[in-house]
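Visitor: Okay, here's the prediction I keep looking at, along with the sequence it came from:
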Amino acid sequence: MKAITLTEYGSPDVLHLKEMEKPSPKDNEILIKVHAVSINVGDLWARNFKAITPSKFSMPLPLWLPSRLYFGITKPRVNILGSEFAGMVEGTGKDVQRFKKGDRVFGYRGQSMGANAEYLCVPENGTVTTMPSNMSYDEAATVPYGALTAMTLLRKVNIQRGQKVLINGASGGIGSAAVQLAKYYGAEVTGVCGTPRLGFVKALGADKVIDYTKEDFTKNGETYDLIFDIMNKSSFEKCKNSLKPNGIYLLASFKMKQVFQMLQTSKSSGKKVICAFSTETPQDLELIKKLAEEGKIKAIVDKRFPMERAADAHRYVESGNKAGSVVITIAA
């Protein structure tokens, strides 16, 4: 089979197409013929983790060394990227009961990655389920990572119908899912993004869109029950006056400073800082599939690239010009 591999850290040019042995499923695994994978921020970091210094690392410092050891100190230990996928079950291990040959499936691999290949084996009890019936492979491959992360984090803060919610970073994988899920939960949603992506965020269902290059949401006088700062681009200090008296400042990426702020604000009434990790489950993916079939979660694909142009796909994502998801098409 063909796979997009890397044996050294660096620019997109380190990605190469290579012939590899086709995997065989273990007793509890399914063999998937991969049709499409998406590129998310985890792929970019894993491709060049050597350049992710502690100051550039978007999570608390104590997690940097274990992450560096996992991905490799001097060269990558994860040689095939790709954490989100969609494809068709081609074979099953003898103990598999949930899936059969021919099922169209989608799923999320997390740090294990390995989906940038023509074939992939995953445990049947992993984060994988049958695809939304109304989505193509390209569309389904863009959904799991952002939707699973946004869903678990919004649940942690007990989002409620009628709340005013601001998503800072509304056009990325997690942010675009957060906009749609906050609407599903009945919130009034404001999305913050750059000029080229205003239409994209509006199309996701945001009630209001703010162009951060023209307006500072922390100075417009509006207040929110929840400010979800996806990539920690603002701060609790700046957002404090934009929160209602019991408002929450939620982060998907955070440093130790925000952890200490969370501990500090947890001891008093009023405005809180919440830092949380996502915890994906197959049951959550089932719910996301249902929401997609009901039209509550949409997938907007910006560009598609063939396997041979994986490096171009990474370059396009890194350019910051994408307005929607970027997909590598593995099989037609």
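Guide: In hand now; what should we look at?
Visitor: Quick one: residues contacting residue 175.
Guide: Taking Cβ atoms under 8 Å, 6 or more residues apart in numbering, we find residue 175 in contact with 146, 150, 167-169, 191, 193, 228, 230. All C-beta atoms are positioned from the backbone trio N, CA, C, and that covers glycine.
Visitor: go on, residue 10?
Guide: 47-48.
Visitor: Quick check: it vs residue 87, distance?
Guide: Applying Cβ to Cβ, to the nearest Å, the value for residue 10 to residue 87 is 28 Å.
Visitor: May I have the phi/psi pair for residue 16?
Guide: Backbone torsions of residue 16, given as degrees, to the nearest 10, read phi -140, psi 150.
Visitor: Residue numbering should commence at 56 henceforth.
Guide: Got it, the first residue is 56 from now on, which makes the last one we talked about residue 71.
Visitor: Give me the pLDDT value at the nearest residue to it once chain neighbours are set aside.
Guide: Residue nearest to residue 71 in three dimensions, not counting chain neighbours: residue 60, with 5.8 Å by Cβ to Cβ, 6 or more residues apart in numbering. Predicted confidence (pLDDT) for residue 60: 98.
Visitor: Same check on residue 325?
Guide: So residue 325 comes in at 94 (pLDDT).
Visitor: Check residue 335 too.
Guide: What the model reports as pLDDT for residue 335 is 84.
Visitor: what about it, how many neighbours?
Guide: 20 (other Cβ atoms under 10 Å).
Visitor: next one: residue 333
Guide: 17.
Visitor: ok now do it, which residues does it touch?
Guide: Residues near residue 333 by Cβ under 8 Å, 6+ apart: 203-204, 207-208, 307.
Visitor: and these as CSV, adding neighbour count and pLDDT?
Guide: Formatted as CSV, the contacts of residue 333 follow (neighbours: other Cβ atoms under 10 Å; pLDDT from 0 to 100):
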residue, neighbour count, pLDDT
203, 25, 96
204, 24, 96
207, 17, 95
208, 24, 96
307, 25, 94
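Visitor: Off-centre distance for stretch 268-275?
Guide: Relative to its chain's centre, stretch 268-275 lies at 26 Å (Cα atoms, centre = their mean, to the nearest Å).
Visitor: ends of that stretch, how far apart?
Guide: 14 Å (Cα to Cα, to the nearest Å).
Visitor: Neighbour-wise, give me the winner out of the contacts of residue 230.
Guide: residue 222 (33 neighbours).
Visitor: which residues touch that one?
Guide: Contact analysis of residue 222 by Cβ under 8 Å, 6+ apart lists 230, 233-234, 237, 244-247, 261, 283, 285.
Visitor: Then residue 304?
Guide: Residues 282, 284, 291, 294-295, 298, 326-329 are the ones in contact with residue 304 under the rule Cβ under 8 Å, 6+ apart.
Visitor: What about the contacts of residue 222, which are in strands?
Guide: Counted as lying in strands by DSSP state E, out of the contacts of residue 222, are 244-247, 283.
Visitor: What is the burial count for the closest residue in space to residue 170 that isn't next to it in sequence?
Guide: The spatially closest residue to residue 170, leaving aside those adjacent along the chain, is residue 137, at 3.2 Å (Cβ to Cβ, 6+ apart). Look at residue 137: counted by other Cβ under 10 Å, it has 28 neighbours.
Visitor: helix or strand for residue 137, which one?
Guide: Element membership for residue 137, per DSSP states H and E: none, as it lies in no helix or strand.
Visitor: so it makes contact with residue 92?
Guide: Yes: judged on Cβ atoms under 8 Å, residue 137 makes contact with residue 92 at a distance of 4.3 Å.
Visitor: who does the helix or strand hosting residue 382 touch, helix- and strand-wise?
Guide: Element membership for residue 382 (DSSP H and E) is strand 380-384. Judged by 3 or more Cβ pairs under 8 Å, 6 or more residues apart in numbering; DSSP states H and E, strand 380-384 is in contact with strand 84-93, strand 356-361, helix 365-374.
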